[in-house]
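missing the sequence, but the structure's below:
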């Protein structure tokens, strides 16, 4: 368990037979008696146990380069940063007089997903640590290492004690890790791995790693082969070790549990002439009332569902008419916020034009049933939107928190740019909502096919909806084509055609669909293919170029921004 990113032992056997944390064998060197009597012979220590910070990487690298000098040295900065961002409380260090001298790193996993036959590469996501699950039940040891100068201070035991305390404070069931048995190489021709482990347990033999782990209250749950296939010292065997948290209490919240089954409703909206804003609001409330009657968690309206109001502006120019229609956006948003609360349903309010600082935008609003509201600007405007209306794109992308999980909203054309949904997926999005407006079937097919691709490549659900009918007096919004649908990933647990539900084309109707979010977790860990986990981050990445408030928000929250992974990185033996 106390091992490095490349499998090198971080707990070695001292001459007295006791295991000491570190990376090489510790050898005592005698000193002259007069030197031992001087005050400088006993260093003045001031040890502080604390969580690690990204700024600690330089010190971490220096220690690891010493401990693992013959096995590729330290982790990459991106790998270290990924752990800090994903699970800051699980990365523990010890400093002495301000100098970092030891560290223990860990993640939380849902252990049932991996079982006792896992490999280190699988349970740590090949060093990407995207297997960390804050809702998991097990603390998994990733690495432990101690500065060679400090091996006599038993800092390894102190780090393990801190991990146990963390496990108790987070009410985790257990702490688990896989440990190499490098001492087995000497006895491989004489005994089985099971016999070797038994002798170490009975203190007939000493193993540089296992002895140290057993002395820290771990027990050997199982012996597994192939944990680190290239570990010749252990003959590819490893011990699966576990420490049980006796204070663990299995709890089930009666209220406020994270939903695993989500019901969504989408409105395939009929474009029809309206005589007033009140008429339009009445139509909106009808659909909110209808969908909420099915106990749905969310309802979505199409892009520019309020286009009938353009006919009320009495403007011949499309550019002038849509700017006049933008004056209706605020009262419609206010009404939909009211409806979200009174009908106890979250509303993805399609999209509406917003005229701000003499700039015209296309904005989707999320009206939550707790009374809060958020917004997503359409980032990519179509050539028609630019030429007819003078519309421009926004510059921020948001992943929204809701009471049924993280969601994303991409307005129409935006879903045709895969980079956006990939960044949302990296922030935990499970359902992508796509309100659209298309006039012809070929335009609709672009949205539909891209939405299906987004569901597969990001292992999420995607819901799309548009409008039907016609508006004879509204230029550039006169005809509509839509077939609303909900798409899933394509694997055995999902519908055979990856379509959860779909509406009748060009017919006003609602669509209700139940989405099982647990299926997404299963897909990520054991799907026939695993698009998210199998990405080659050592070769490519997707990043946000323009610095906006979003960057500051992500840094403040400590969320991952797709760290790169060294191409030379090997699987890490557990710590």
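Nice, thanks for sending it over. Quick caveat: nothing in here was measured; it's all calculated off a predicted structure. Residues are numbered from 1 along each chain as shown.

What segments of the stretch 451-575 of the chain are strands?
461-465, 467-469, 485-487, 499-502, 509-516 (DSSP state E, counting those that start in this stretch).

Check what contacts the last one and list those residues.
In this case it means strand 509-516. Strand 509-516 has contacts (C-beta atoms under 8 Å, 6 or more residues apart in numbering) with 260-268, 287, 290-291, 294, 296, 431, 461, 463, 465, 484-486, 488, 500-503. No exception for glycine: its C-beta is placed from N, CA and C like everyone else's.

From the contact counts, what lies against the host helix or strand of residue 324?
Take DSSP states H and E as the rule and residue 324 turns out to sit in helix 318-325. On a contact count with 3 or more C-beta pairs under 8 Å, 6 or more residues apart in numbering; DSSP states H and E, helix 318-325 meets strand 352-356.

Swap in 10 Å and give it another go.
If contacts are counted by 3 or more C-beta pairs under 10 Å, 6 or more residues apart in numbering; DSSP states H and E, helix 318-325 sits against strand 352-356, strand 359-367.

so that helix versus strand 359-367, what angle?
40 degrees (axes from the mean of the first three to the mean of the last three C-alpha atoms, to 10 degrees).

wait, what's in contact with residue 455?
421, 431-432, 461-463, 486-490, 494, 498-500 (C-beta atoms under 10 Å, 6 or more residues apart in numbering).

from those, which would you call buried?
Among the contacts of residue 455, those classed as buried by 16 or more other C-beta atoms under 10 Å are 421, 431-432, 461-463, 486-490, 494, 499-500.

The residue lying closest to residue 329 once chain neighbours are set aside and residue 94, how far apart?
Closest residue in space to residue 329, ignoring its immediate chain neighbours: residue 352 at 4.3 Å, by C-beta to C-beta, 6 or more residues apart in numbering. The spacing between residue 352 and residue 94, counted by C-beta to C-beta, to the nearest Å, is 55 Å.

With residue 261 instead?
For residue 261 relative to residue 94 (C-beta to C-beta), the value is 44 Å.

Then residue 266?
54 Å.

So for those two, which sits in the more crowded spot?
Set residue 266 next to residue 94 and count neighbours by other C-beta atoms under 10 Å: residue 266 wins out with 31 against 23.

my read: that one touches residue 467, true?
No: assessed by C-beta atoms under 10 Å, residue 266 is found out of contact with residue 467, at 11.7 Å.

where do the contact lists of those two overlap?
301-302, 435, 484.

Restricted to strands, list those.
Among the shared contacts of residue 266 and residue 467, the residues falling in strands (DSSP state E) are residue 435.

Dump the shared contacts of residue 266 and residue 467 to JSON lines, plus distance to residue 376.
Conversion of the shared contacts of residue 266 and residue 467 to JSON lines gives the following (distance: C-beta to C-beta, whole Å):
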{"residue": "301", "distance to residue 376": "14"}
{"residue": "302", "distance to residue 376": "15"}
{"residue": "435", "distance to residue 376": "10"}
{"residue": "484", "distance to residue 376": "19"}
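
Only the buried subset of the shared contacts of residue 266 and residue 467, as a PyMOL command please.
Here is the PyMOL command that selects the buried residues among the shared contacts of residue 266 and residue 467 (16+ other C-beta under 10 Å):
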select buried, resi 301+302+435+484
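
Kindly reformat the shared contacts of residue 266 and residue 467 as JSON lines containing pLDDT and distance to residue 544.
Output for those, formatted as JSON lines (pLDDT from 0 to 100; distance: C-beta to C-beta, whole Å):
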{"residue": "301", "pLDDT": "98", "distance to residue 544": "28"}
{"residue": "302", "pLDDT": "97", "distance to residue 544": "27"}
{"residue": "435", "pLDDT": "98", "distance to residue 544": "23"}
{"residue": "484", "pLDDT": "97", "distance to residue 544": "30"}
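
For residue 358, grab the count of nearby residues.
Residue 358: 6 neighbours (other C-beta under 10 Å).

which ones are touching it?
Here residue 358 is in contact with residue 323 (C-beta under 10 Å, 6+ apart).

what about it, distance to residue 429?
Counting by C-beta to C-beta - residue 358 and residue 429 are separated by 33 Å.

go on, residue 546?
20 Å.

Ok, residue 472 next?
39 Å.

So between the two, which is more surrounded?
residue 429 (22 against 9).

Correct me if wrong: that one contacts residue 423.
Yes: with contact defined as C-beta under 10 Å, residue 429 counts as touching residue 423 (9.0 Å).

Residue nearest the middle of this structure, spatially speaking?
residue 428 (4.4 Å; C-alpha atoms, centre = their mean).

Sticking with that residue, tell me its helix or strand.
Per DSSP H and E, there is no helix or strand for residue 428.

cool, residue 446 as well?
helix 441-458.

Which residues belonging to that helix are considered buried?
Applying 16+ other C-beta under 10 Å to helix 441-458 flags 443-444, 447-448, 450-458 as buried.

same check, this time on stretch 150-157
Result for stretch 150-157 [16+ other C-beta under 10 Å]: buried residues 150-151, 153, 155-156.

again with stretch 469-479
Going by 16+ other C-beta under 10 Å, stretch 469-479 has these buried residues: 469-471, 474, 476-477.

thinking again about what came up before, tell me the one among the contacts of residue 455 nearest to residue 207.
residue 489 (43.9 Å; C-beta to C-beta).

Verify the stated contact: that closest one with residue 432.
No: taking C-beta under 10 Å as the definition, residue 489 is not a contact partner of residue 432, at 11.8 Å.

quick one: common contacting residues for these two?
Common neighbours of residue 489 and residue 432, using C-beta under 10 Å, 6+ apart, are 455, 458, 460-462.

Using JSON lines, please lay out these together with distance to residue 371.
Listed next are the shared contacts of residue 489 and residue 432 as JSON lines, based on distance: C-beta to C-beta, whole Å:
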{"residue": "455", "distance to residue 371": "31"}
{"residue": "458", "distance to residue 371": "30"}
{"residue": "460", "distance to residue 371": "27"}
{"residue": "461", "distance to residue 371": "26"}
{"residue": "462", "distance to residue 371": "27"}
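
from those, which is closest to residue 362?
Minimum distance to residue 362 across the shared contacts of residue 489 and residue 432 is 19.4 Å, recorded for residue 462 (C-beta to C-beta).

List the contacts of that closest one.
408, 410, 415, 421, 431-434, 448, 450-456, 485-489, 498, 500.

Quick check: which ranges of the stretch 201-350 of the chain have low pLDDT?
Where the stretch 201-350 of the chain drops to pLDDT under 70, the residues are 251-258.

which residues in it form strands?
Going by DSSP E, counting those that start in this stretch, the stretch 201-350 of the chain shows strands at 219-225, 237-244, 261-271, 298-300, 346-348.

CSV for those strands, including distance to residue 83?
Shown next, in CSV, are these (distance: least, C-beta to C-beta, whole Å):
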stretch, distance to residue 83
strand 219-225, 24
strand 237-244, 20
strand 261-271, 30
strand 298-300, 33
strand 346-348, 33
